[in-house]
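**Q** next come a sequence and a model predicted from it.
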Amino acid sequence: MLTARRLGKRYGEKRVLRRIDLAVPRGGFLVVTGPNGSGKTTLLRICAGLAQPTEGTIERAVQRAQVGYLGHEPLVYRELTALENLELYGRLYRIPERRERIGMLLERFGLWEARHDRVASYSRGMTQRLGLCRVLLHEPELLVLDEPYSALDEAGAELLDAQLAELGGESTFVLATHDPARVEPLASGRLALA
Amino acid sequence: MGYARDVGALARKDLLLELRARDTLPAMLLFVGSVFVVFHFALPGTSSRLATAGLLWVAILFTALLGLGRAFVPEREQRTFDGLVLAPCDRSAIWLAKSLATLAFLVAAELVALPLYALFFHSVGGATVAAVALADLGICGVGTFLGAMAVATRARDLILPLLFLPLAMPIVVGAVGATVVDSPGRYLGFLALYDLLFAVICWASFEYVVAE
Amino acid sequence: MNRSAATIQAVGRTRISLPVLAGASLVLVTTALAFVFFVAPNDADQGFSQRIFYFHVSIAITAYGCFAGAAWKALRHLWKRDPRADLESYVFVHQGVIFGTLVLLTGSIWAKISWGHWWLWSEDQLVLFLVLFLFYCAYFMLRFSVDPGPQRANLSAVYALFGVVLIPVSFAAIRLSKQLIHPVVFTRDGPNFHGWILVTYCLAQVALPVLAYTLYRLELSAKRLDGRLRDLREVLA
């Protein structure tokens, strides 16, 4: 699904990644760990196709439309409501039966009541839940999640656990986290960045 | 067909954002009014038709710059560029939608600015209106493209006018020409040619601006 | 390491070696200077000072060539993903701006000598180079305001492509504006091209592009050496 050979990334004089090799089979679950500044985010952006490596190669066996990426930002517009944000992405991804799918996701992540509120009024945890809705909206085959547990309360984290367990084995995951124990039961591969 | 729907969805989002935040259009309207007042005092004595025609175009250009500088602010502040770039739509749709949104704001500002100009200075003819329409297309198309480049830089707001003004010089020539001469055909034709030429390169190369 | 391997390969593949180029441009520029000052006849109207024409025109054409080269390399970067093209495009723009500044200087001197003004809006070429100068200075602002990497390469390349479209469009615009704002008062016919004048002009026209190409190659190899040094330092660290 995802194969990288001798991957390297440098921003000018600053080296971020050096000689990373990884292979994630279809349905695999790669957990990326490492301290702050070790290049987790950069590696995940490369996996999602948002950045190009300066050295080495990466092969992705999926189209752009089949990638779901959650970064540090939830990638939603703060001045729009939850519903409007998901509607926009739903249209861009041409999701059949958009309304139903959006409604179901909002319901599942506990945002249905707040669907007509602007994201600006959301708490950090609610925004993160909305970000997760956006990622799952188009049922991606490859999910690239950068610290998905950040800002989530215990209930939110359990929701995410359940969601990951449900999709595990079907979708392919690349997940960066500070808390690898949490996803240990799902992990099929581990990569520790230094 | 699908392309048009993508553009529609994206442009609708931009108009909705402006409707909620209401910061671009009021600023443009206030700015163009203030510029007219300042220019009245900057032009000595009773100003000639030629001089005020130039004034009109300077005012339009800088008002447009104000709007263009704001165009990608939501994408920049909320990092939503990543979300749009990953979406399966053609990347040029992002440019086209944003251009249409800024065009809407600019036209709205001009709906106030042109009557104001007629009131303060000289009447506005049909050729001027045609020139405004054609120049707006070029200003918004090229300006939005450069705006997307500018938000990728550290200098941001500072760099957009520097990138934009040399490229806008031909627009000013065509627009001022169409405003002041008796037979404006050549100037309008030049503006149309400019719009077409730059629309094609913007459309073809926007992909490289937003994606690595 | 990939990149430095490509660099070595690139250096090995170049056709004319740099010392030969440097020697050729030295000989050509010296000969051209000698012809301009000692062989070409004095102009009937403008006398001795008209000789700046030989350099003014050939510098302008060289600058256009540099901008075209920058656009070509930019296209190669975007289209073929040629890893060397970004730097090459940048160096071409750099040379183009240097020669463009010389066009403004020589043009200004010529205007002062001929008409007593340092600047004339009625001079198409001069006005065009002013616009291009501003445009390509903004290129540097853009480039140095983005961190080095694929994105900077893309933005620079796209902007360099805009430049090559802007040149004819601006030229047409300047022509159009002249009919509008300034009636053409001055006309400047080039000297009749014959005999030594033609030879001198051709010599200058060959010498300056060769000089520009030499400078281009020099800057390029210096920049590549920097890059290799950085790679080496990293390997050793």
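**A** Looks like it came in fine. Numbers count the residues shown, from 1 in each chain, chains lettered A, B, ... in the order given.
**Q** list phi and psi for the closest residue to residue B:2 other than its chain neighbours.
**A** Nearest non-adjacent residue to residue B:2, counting by CB to CB, 6 or more residues apart in numbering or on different chains: residue A:94, 7.1 Å away. In this view, the C-beta of every residue, glycine as well, is placed from N, C-alpha and C. Dihedral angles of residue A:94 (phi, psi; degrees, to the nearest 10) stand at phi 50, psi 60.
**Q** now name the helix or strand holding residue C:217.
**A** Using DSSP states H and E, residue C:217 maps to helix C:195-236.
**Q** is chain A contacted by that helix?
**A** Yes: using CB under 8 Å from any CB of the partner chain, we find that helix C:195-236 touches chain A at C:230, C:234.
**Q** and that helix, how far from the chain's centre?
**A** Averaging C-alpha positions (CA atoms, centre = their mean, to the nearest Å) puts helix C:195-236 11 Å from its chain's average.
**Q** these two touch, right, the residue nearest to residue B:2 and residue B:9?
**A** No: when contacts are counted by CB atoms under 8 Å, residue A:94 is not listed as touching residue B:9 (10.2 Å).
**Q** neighbour count winner among the two?
**A** Neighbours per residue (other CB atoms under 10 Å in any protein chain shown) separate residue A:94 from residue B:9, with residue B:9 holding more: 19 against 15.
**Q** least confident secondary structure element in chain C?
**A** helix C:2-13 (a mean of 47; mean pLDDT, DSSP states H and E).
**Q** what's in contact with the helix or strand following that one?
**A** Counting by DSSP H and E, the next helix or strand C-terminal to helix C:2-13 is helix C:18-34. The contact list for helix C:18-34 (CB atoms under 8 Å, 6 or more residues apart in numbering or on different chains) reads C:54, C:200, C:203-204, C:206-208, C:210-211, C:213-214, C:217-218, C:221.
**Q** so helix C:18-34 versus helix C:195-236, what angle?
**A** Relative orientation of helix C:18-34 and helix C:195-236, computed by axes from the mean of the first three to the mean of the last three CA atoms, to 10 degrees: 150 degrees.
**Q** quick one: buried residues of the helix or strand just after helix C:18-34?
**A** Downstream of helix C:18-34, the next assigned helix or strand under DSSP H and E is helix C:52-80. Buried residues in helix C:52-80, counted by 16 or more other CB atoms under 10 Å in any protein chain shown: C:52-60, C:62-67, C:69-78.
**Q** do the same with stretch A:78-87
**A** By 16+ other CB under 10 Å, the buried positions in stretch A:78-87 come out as A:78, A:79, A:80, A:81, A:82, A:83, A:84, A:85, A:86, A:87.
**Q** just these that are near chain B?
**A** Near chain B, judged by CB under 8 Å from any CB, the entries from these are A:78, A:79, A:80, A:84.
**Q** excluding sequence neighbours, find me the nearest residue to residue B:50.
**A** Take residue B:50 and drop its neighbours on the chain: the residue closest to it by CB to CB, 6+ apart is residue B:180, 5.7 Å away.
**Q** just to revisit the earlier point, closest to chain B among the ones next to chain B among the buried residues of stretch A:78-87?
**A** Taking CB to the nearest CB as the measure, chain B lies nearest residue A:79 of those, at 4.3 Å.
**Q** name all residues that make contact with the closest one.
**A** Counting by CB under 8 Å, 6+ apart, residue A:79 touches A:118, A:119, A:120, B:16, B:17, B:20, B:21, B:74.
**Q** check residue A:73 too.
**A** The contact partners of residue A:73, taken as CB under 8 Å, 6+ apart, are A:131, B:78, B:79, B:80, B:82.
**Q** selection in PyMOL covering whichever of these are buried, please.
**A** Here is the PyMOL command that selects the buried residues among the contacts of residue A:73 (16+ other CB under 10 Å):
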select buried, (chain A and resi 131) or (chain B and resi 78+80+82)
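**Q** could I get the contacts of residue A:73 as TSV with secondary structure and pLDDT?
**A** TSV is the format used below for those (DSSP: H, G, I helix; E, B strand; the rest coil; pLDDT from 0 to 100):
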residue	secondary structure	pLDDT
A:131	helix	95
B:78	coil	87
B:79	coil	87
B:80	coil	92
B:82	helix	92
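**Q** need the pLDDT of residue C:188.
**A** Turning to residue C:188, the model gives it a pLDDT of 51.
**Q** if we can go back for a sec, identify the farthest-apart pair in the contacts of helix C:18-34.
**A** Among the contacts of helix C:18-34, the pair separated by the greatest distance (CB to CB) is C:200 and C:221, at 31.7 Å.
**Q** which of these two has more neighbours?
**A** The residue with more neighbours, out of residue C:200 and residue C:221, is residue C:200; 23 against 16, by other CB under 10 Å.
**Q** the more buried one against residue C:55, yeah?
**A** No: using CB under 8 Å as the test, residue C:200 is too far from residue C:55 to be in contact (10.3 Å).
**Q** hey, what's in contact with both of those two?
**A** Residues touching both residue C:200 and residue C:55 by CB under 8 Å, 6+ apart: residue C:36.
**Q** ok, now which ones touch the one residue sitting closest to the centre of chain B?
**A** For chain B, residue B:140 is the residue whose C-alpha lies nearest the centre (CA atoms, centre = their mean; 3.5 Å). Going by CB under 8 Å, 6+ apart, residue B:140 touches B:64, B:68, B:99, B:100, B:102, B:103, B:106.
**Q** now, those residues that are in helices?
**A** If you go by DSSP state H, the contacts of residue B:140 have B:64, B:68, B:99, B:100, B:102, B:103, B:106 in helices.
**Q** could you look up the SS state of the residue of chain C found nearest chain A?
**A** Residue nearest to chain A within chain C: residue C:148 (3.8 Å; CB to the nearest CB). Look at residue C:148: counting by DSSP: H, G, I helix; E, B strand; the rest coil, its state is coil.
**Q** give me phi/psi at it?
**A** Taking degrees, to the nearest 10, you get phi -60, psi 140 for the backbone angles of residue C:148.
**Q** please see if the host helix or strand of residue C:129 touches chain A.
**A** If you go by DSSP H and E, residue C:129 is part of helix C:124-143. No: figure legend: helix C:124-143 not in contact with chain A (CB under 8 Å from any CB); closest approach 11.9 Å.
**Q** can you name the element that comes right after that helix?
**A** Note on helix C:124-143: by DSSP H and E, the next helix or strand toward the C-terminus is helix C:150-180.
**Q** what sits against residue C:93?
**A** Residues near residue C:93 by CB under 8 Å, 6+ apart: C:66, C:67, C:70, C:136, C:139, C:140, C:160, C:163.
**Q** rerun that using 6 Å as the cut-off
**A** By CB atoms under 6 Å, 6 or more residues apart in numbering or on different chains, the contact set of residue C:93 is C:70, C:136, C:139.
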